[in-house]
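**Student:** predicted coordinates and the sequence they were generated for:
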Amino acid sequence: MYVCLCNGITESDVREAGRTGIVMPCQLKSKFGLKRSGCCGRCAKNIDTFVEIAVQGTSVPCPTMSDR
Ligand code: FES
């Protein structure tokens, strides 16, 4: 699912950024160019959604728990 239509950013893009340690709002805005002129800014207003998705990327499922 797209989280930014202007830049074609998907949830998996944001999750991948989370895996590399990019989870802070300022980091995410910089990584995905959400501050650039010409963007509508809608997604930057919902940066909390980006943070939630990025944090999901940092969590690795416990193998013993998934076997249950
Ligand atoms: S939807 Fe992300 S800048 Fe427009």
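**Tutor:** Okay, I see it.
**Student:** low-confidence ranges in this structure?
**Tutor:** Applying pLDDT under 70 to the chain flags the ranges 60-68.
**Student:** where's the residue most central in space within the chain, which helix or strand?
**Tutor:** The centroid of the chain falls nearest to residue 14 when counting by CA atoms, centre = their mean (2.8 Å). Secondary structure from DSSP states H and E places residue 14 in helix 11-19.
**Student:** mind listing what's buried along the next helix or strand after that helix?
**Tutor:** Going down the chain from helix 11-19, the next helix or strand is helix 25-32, by DSSP H and E. Buried residues in helix 25-32, defined by neighbour count with 16 or more other CB atoms under 10 Å: 27, 28, 29, 31, 32. In this view, the C-beta of every residue, glycine as well, is placed from N, C-alpha and C.
**Student:** do stretch 39-49 as well
**Tutor:** Quick answer for stretch 39-49 (16+ other CB under 10 Å): 39, 43, 44.
**Student:** for stretch 14-21, same thing?
**Tutor:** For stretch 14-21, by 16+ other CB under 10 Å, it's 14, 15, 17, 18.
**Student:** name the nearest residue to the last one, ignoring sequence neighbours.
**Tutor:** Read it as residue 18. Nearest residue to residue 18 in three dimensions, chain neighbours excluded: residue 57, at 2.8 Å (CB to CB, 6 or more residues apart in numbering).
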